[in-house]
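K.L.:
any chance you can model this:
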Amino acid sequence: MNKKELAISLHDKKYNCCQAVACTFADEIGVDKETLFKAGEAFGLGMGCMGGTCGAIAGAVMLAGFKNSDGNLDSPATKADTYKLSREILKSFEEKNGSTICGELKGINTGKVLRSCPDCIMDAVEIAERVLEL
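P.N.:
Presented below is the predicted three-dimensional model:
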């Protein structure tokens with residue numbers, strides 16, 4: 001099973017979009033699935049209300065922090081590089097789908113769906129694999 005298929009299978013088990021993306025890469029980033037599951041729970045439905053950032057992209061950005069951060073609480077030195085990765089993830093997703101906002105992707109106000117949740121999840125997985133070299 002490839003990463004896209006794994007993420008979709010997690011979403012089918014009722015993981016939200018963020019959890020499905022983040023948990024797919026637990027082994028690669030060295031964080032247990034339960035921690036990623038808990039961290040991603042509040043990012044479903046566009047951060048809880050479908051008006052915010054797509055959960056699938058939130059999961060990919062979360063992965064950027066886990067993969068890139070030096071974890072140095074006293075003198076963090078990796079923020080700028082992590083922000084750069086996050087921008088690249090968001091930019092790539094927006095270029096492909098026309099938005100990074102859940103409500104816009106789902107066509108809440110326009111009636112025009114730009115991308116389904118499964119497609120957003122697969123896009124976020126693909127982008128995370130490429131940008132974060134996972």
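
K.L.:
isn't there a strand covering L85?
P.N.:
No. Under DSSP: H, G, I helix; E, B strand; the rest coil, L85 sits outside any strand and is assigned helix.

K.L.:
pLDDT score assigned to it?
P.N.:
The predicted local distance difference test score for L85 is 97.

K.L.:
surely it and E133 touch.
P.N.:
No. In terms of CB atoms under 8 Å, L85 does not count as a neighbour of E133; the distance is 10.1 Å. No exception for glycine: its C-beta is placed from N, CA and C like everyone else's.

K.L.:
which strands or helices does the helix or strand of the chain with the lowest mean pLDDT pack on?
P.N.:
Taking mean pLDDT, DSSP states H and E as the measure, the helix or strand of the chain with the lowest value is helix 44-45, at a mean of 85. The criterion is 3 or more CB pairs under 8 Å, 6 or more residues apart in numbering; DSSP states H and E, and the helices and strands that helix 44-45 contacts are helix 17-24.

K.L.:
output the contacting helices and strands for the helix it packs on.
P.N.:
Other elements packing on helix 17-24 under the criterion 3+ CB pairs under 8 Å, 6+ apart are helix 3-12, helix 33-40, helix 44-45, helix 55-68, helix 117-131.
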